[in-house]
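Asks: Generate coordinates for the sequence data below:
(chains A and B)
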Amino acid sequence: AQSVTQLGSHVSVSEGALVLLRCNYSSSVPPYLFWYVQYPNQGLQLLLKYTSAATLVKGINGFEAEFKKSETSFHLTKPSAHMSDAAEYFCAVIRDSNYQLIWGAGTKLIIKP
Amino acid sequence: DAGVIQSPRHEVTEMGQEVTLRCKPISGHNSLFWYRQTMMRGLELLIYFNNNVPIDDSGMPEDRFSAKMPNASFSTLKIQPSEPRDSAVYFCASSLGGLLAGEDDENNEQFFGPGTRLTVL
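Replies: You can find the predicted model right below:
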């Protein structure tokens, strides 16, 4: 069975600092992995996805994530945080045989001025 | 395309009343998902349709919840009777993909609607 673990329900960084949001997965088959972002009072929006084409995936708004099979990780990073990045971020993996997503619990990113 | 459309955006009702949430998926998408989001339980998948057929409804909390997809462009989620613990944000999402992982990678992205914020008093 597949599962997703996001380390840290809240992450706080200063504006301009590196953003690192952690995601570890368990999967018996090569996974499809996703990061979604949810801004306050809005739906979820796809940031980026890993589909085995490249281990370093670039997404919108300057975010990227690196798939590391040996570590079963898919951490999300951004070199320099901006106030507009304050949101909740969800990591997800495709379930084995259909298009259902298995969701992490989410990490709220707080940006300090 | 207008994206996934949900209505109403906000619903306030009294305990015991029937609530119907509506969703229009993106045209041409084959899969539709209903989610519930609360502070306590996070994001939960309630039900998943593929080609208008319910594939997995194991996330539906109880018999008070029902969902239908009469055609490819419309789905409803009904709660009858509603209870205060049903208060949450309900999201609808659609994707182009079907049942098989491993199909075209571009098909498995889920597009979310803006959600319906339900408050049951």
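Asks: Next, the buried residues of stretch B:44-56.
Replies: B:45-50, B:55-56 (16 or more other Cβ atoms under 10 Å in any protein chain shown). (Glycine included, C-beta is placed from N, CA and C.)
Asks: In a markdown table: those, plus pLDDT, distance to B:Lys68 and secondary structure.
Replies: Formatted as a markdown table, the buried residues of stretch B:44-56 follow (pLDDT from 0 to 100; distance: Cβ to Cβ, whole Å; DSSP: H, G, I helix; E, B strand; the rest coil):
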| residue | pLDDT | distance to B:Lys68 | secondary structure |
| --- | --- | --- | --- |
| B:Leu45 | 91 | 17 | strand |
| B:Leu46 | 95 | 13 | strand |
| B:Ile47 | 94 | 10 | strand |
| B:Tyr48 | 91 | 13 | strand |
| B:Phe49 | 93 | 9 | strand |
| B:Asn50 | 90 | 14 | strand |
| B:Ile55 | 88 | 14 | strand |
| B:Asp56 | 87 | 15 | strand |
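Asks: Can you report how many residues neighbour B:Arg85?
Replies: 11 (other Cβ atoms under 10 Å in any protein chain shown).
Asks: doesn't it fall inside a helix?
Replies: Yes: B:Arg85 forms part of a helix when assessed by DSSP: H, G, I helix; E, B strand; the rest coil.
Asks: ok, now which ones touch it?
Replies: Going by Cβ atoms under 8 Å, 6 or more residues apart in numbering or on different chains, B:Arg85 touches B:Val120.
Asks: quick one: it from chain A, how far?
Replies: 20 Å (Cβ to the nearest Cβ, to the nearest Å).
Asks: Could you check the pLDDT of that residue?
Replies: Note on B:Arg85: pLDDT of 95.
Asks: List, out of the buried residues of stretch B:44-56, those positioned next to chain A.
Replies: B:45, B:48, B:50, B:55-56 (Cβ under 8 Å from any Cβ of the partner chain).
Asks: buried set for stretch A:46-60?
Replies: A:46-51, A:57, A:59.
Asks: Please render the buried residues of stretch B:44-56 as TSV that adds distance to A:Asn24 to the earlier fields.
Replies: Shown next, in TSV, are these (distance: Cβ to Cβ, whole Å):
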residue	distance to A:Asn24
B:Leu45	20
B:Leu46	26
B:Ile47	28
B:Tyr48	25
B:Phe49	30
B:Asn50	29
B:Ile55	27
B:Asp56	25
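Asks: hmm, which two among those residues are most spread apart?
Replies: Within the buried residues of stretch B:44-56, B:Leu46 and B:Asn50 form the most distant pair, 14.8 Å apart (Cβ to Cβ).
Asks: so how far is chain B from A:Tyr89?
Replies: For A:Tyr89, the distance to chain B - Cβ to the nearest Cβ - is 12 Å.
Asks: mind listing the helices for chain B?
Replies: Ranges of helices in chain B, per DSSP state H: none exist.
Asks: Could you list the low-pLDDT ranges of it?
Replies: B:1, B:98-107 (pLDDT under 70).
Asks: Apply 50 and report the result again.
Replies: B:101-102 (pLDDT under 50).
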